[in-house]
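>>> this one's sequence-less:
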């Protein structure tokens, strides 16, 4: 797994989000054509992971240090 640390304008984060959205679109298309339950389960699991990553990246930055 690759970790991206963004600084400044968040350009790296935007690129990651764009890549995740592109991957998500491809998975949705694959899901529509998936024949087996196993294939659908695998694709849905990947979609869940992408949604989790997108939710994490889309959080507003807080000024509070934890």
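Perfect, I can see it now. No experiment lies behind these values; they were computed from the predicted model shown. Numbers count the residues shown, from 1 in each chain.
>>> downstream neighbour of the helix or strand where residue 13 lies in the secondary structure list?
Using DSSP states H and E, residue 13 sits within helix 11-33. For helix 11-33, the following helix or strand on the C-terminal side (DSSP H and E) is helix 37-58.
>>> What is that next one packed up against?
Where contact means 3 or more CB pairs under 8 Å, 6 or more residues apart in numbering; DSSP states H and E, helix 37-58 is packed against helix 11-33. To be clear about C-beta, it is placed using only N, CA and C from the backbone, and glycine gets the same treatment.
>>> what about the closest residue to residue 58 other than its chain neighbours, distance to residue 52?
Leaving aside its chain neighbours, residue 58 sits nearest to residue 17 (7.4 Å; criterion: CB to CB, 6 or more residues apart in numbering). Distance of residue 17 to residue 52, computed by CB to CB, to the nearest Å: 13 Å.
>>> again with residue 34
In terms of CB to CB, residue 34 sits 21 Å off from residue 52.
>>> One more: residue 25?
17 Å.
>>> now swap in residue 16 and tell me
13 Å.
>>> Looking at those two, which is more packed in?
More crowded of residue 16 and residue 52, by other CB atoms under 10 Å: residue 16, with 17 against 10.
>>> what ranges of this protein fall below the confidence cut-off?
Flagging of the chain using pLDDT under 70 yields the residue ranges 1-10, 61-66.
>>> again, only this time at 80
Residues of the chain meeting the criterion pLDDT under 80: 1-10, 59-66.
>>> coming back round to it: contact partners for the residue nearest to residue 58?
Going by CB atoms under 8 Å, 6 or more residues apart in numbering, residue 17 touches 54, 57, 58.
>>> ok, now with 10 Å
By CB atoms under 10 Å, 6 or more residues apart in numbering, residue 17 lies in contact with 10, 53, 54, 57, 58.
>>> pretty sure the last one is touching residue 50, no?
No: with contact defined as CB atoms under 10 Å, residue 58 does not count as touching residue 50 (12.0 Å).
>>> Centroid-nearest residue for the protein?
residue 50 (2.9 Å; CA atoms, centre = their mean).
>>> Thank you kindly, that will do.
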